[in-house]
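# Mind folding the following:
(chains A and B)
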Amino acid sequence: MNLIVGVSDMKVSNDRETILVTYSLGSCIGVAIYDSVARVGGLLHYMLPEASLDQEKAGKNPYMFADTGIPALFKAAYKLGANKQRMKVIVVGGSQVLDQKGFFNIGKRNDIAVRKMFHKNNVIIDYKDVGGTVNRTIRLAVNNGDTWIKVSGRGERKI
Amino acid sequence: MSDIKSIIKKIGGLKPIPQVASKVMSIAENPESSMNDLSNVIIYDTAVTANLLKMANSAYFGLPEKFDSVHQAIVYLGMAQVVDLVLLSASGENLQTAQDGYDLEAGELWKNSVFSALIARELAEKKGVKETHLIFTAALLKDIGKVILSQYVKDSFDEINALVTEQNFTFKEAEKQVIGIDHAELGGMVAENWNFSPKLVEIIRHHHRPQKSSISEFESSIVYMADTICMMMGIGVGSDGLAYRFHRKVVESLELTERDFQKIIAGFVEKLKQLETMINI
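Numbering: from 1, shown residues only, chains lettered A, B, ... in the order given. Alright, predicted model coming up:
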């Protein structure tokens, strides 16, 4: 069964019937994690890089921001028995409008935020599909960690 | 290249916008109008009235009581809000359908349209615009051209996609190159055909290139900005994705900082869920 992760939302699961899915990542980033031994999967869909923008909003919804959402994702997975060393990590999204360069470039900042965070915490990204101008959807099967990325108009592929 | 004339002919196949929409617009523009003037115009269109009440009673507004009359809705929500709800009710039919060429399922283009309109209204208010209905309506209907062009985009998708991915074309530029007309230009023609005001026609036509607009550059810039925010948030975005140009000068002309921009996004994330309850009707 599909368990939908909305915009600024996060879900973890150890239910083998569950497929975690998040739709339509524009400049947002989806972080999917999976521990194949504990068979625990998690998926985060964050919108903005830093919680310092609005601490009150970050308090109410940590999943809106990279720097509060990513730790919350990992902690929720640990609670279900996942282990950091075994974690497969996939990062998708972070698209940009053409000619945006550095200006108002939330997609790029979202990408930098996750890379910074993972570098600091020694997390290696196993698969990355970030940037460009496309709109992406990601699905993760909790049963075996199979992951699919759909790019609007260009079909879905298993990675 | 497709036969442009046959594409333009399809404008006649769209569901016409109910007359009540233009009537409420003129009431909104007249400072002398009363609540009764507004409600008297709305109640004669039963379909729009029913939709309006459903939206007014949705979780989006979170009001304690259920409304059963247009008059009550106006009293509680105010004339400006009700005018916008009427405009939403009147615009839905064409925009709620699936658009295969753009890989949009039923309801997705509608979600994008409504969300763009709400963001545009907020931006307009921030810029001190008093009469926001023009901008709201333009943002709501900016992609009406896609409803007609979808079939043609579907037939030529590979060619369009190649120009976008290999030659730095925007999706709109690629539509023009391959099909001979793009969705914004076609949307402007639809607006003319529906006898919209020249300003409204221009905003729809230039919503991707506001600097080309001669009589409504400011309004077009607001709609452009709202559309850009929607694209980045991934709200009802399809196969064209974010493949449109970022015009730095337009953003600068609105005197928006990146922090303002991020704050608007953060504010709308919270409204997204309630909004879904309002438009899934």
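
# how close does whatever residue of chain A ends up closest to chain B sit to residue B:274?
For chain A and chain B, the shortest gap (CB to the nearest CB) falls at residue A:153, measuring 2.4 Å. Heads up, the C-betas are built off the backbone N, CA and C, glycines and all. As judged by CB to CB, to the nearest Å, residue A:153 and residue B:274 stand 29 Å apart.

# picking that back up, and the nearest residue to the residue of chain A closest to chain B once chain neighbours are set aside, helix, strand or coil?
Distance criterion CB to CB, 6 or more residues apart in numbering or on different chains; nearest residue to residue A:153, sequence neighbours excluded, is residue B:239 at 2.4 Å. Following DSSP: H, G, I helix; E, B strand; the rest coil, the label given to residue B:239 is coil.

# Hmm, residue B:239 is touching residue B:103, no?
Yes. Counting by CB atoms under 8 Å, residue B:103 is a contact partner of residue B:239 at 4.1 Å.

# For residue B:87, list the residues it contacts.
Contacts for residue B:87 were tallied using CB atoms under 8 Å, 6 or more residues apart in numbering or on different chains; they are B:21, B:24, B:25, B:117, B:133, B:136, B:137, B:140.

# Checking the third one next. Helix, strand or coil?
The one in question is residue B:25. Classification of residue B:25 by three-state DSSP places it in helix.

# Now do the contacts for it.
Neighbouring residues of residue B:25 by CB under 8 Å, 6+ apart: B:83, B:87, B:133, B:134, B:137.

# counting contacts, what elements does whatever helix or strand the fourth one lives in pack onto?
The one in question is residue B:134. If you go by DSSP states H and E, residue B:134 is part of helix B:133-141. Contact here means 3 or more CB pairs under 8 Å, 6 or more residues apart in numbering or on different chains; DSSP states H and E; on that basis helix B:133-141 packs against helix B:19-29, helix B:79-95, helix B:108-126, helix B:183-193, helix B:198-205, helix B:217-233.

# switch the cut-off to 6 Å
helix B:79-95, helix B:108-126, helix B:198-205, helix B:217-233 (3 or more CB pairs under 6 Å, 6 or more residues apart in numbering or on different chains; DSSP states H and E).

# ok and the shortest one relative to helix B:19-29, angle-wise?
Here the directions of helix B:198-205 and helix B:19-29 differ by 120 degrees (axes from the mean of the first three to the mean of the last three CA atoms, to 10 degrees).

# Residue 7 is in what secondary structure piece?
I'll assume chain A. Judged by DSSP H and E, residue A:7 forms part of no helix or strand.

# Not quite, go with chain B.
Using DSSP H and E, residue B:7 falls in helix B:4-9.
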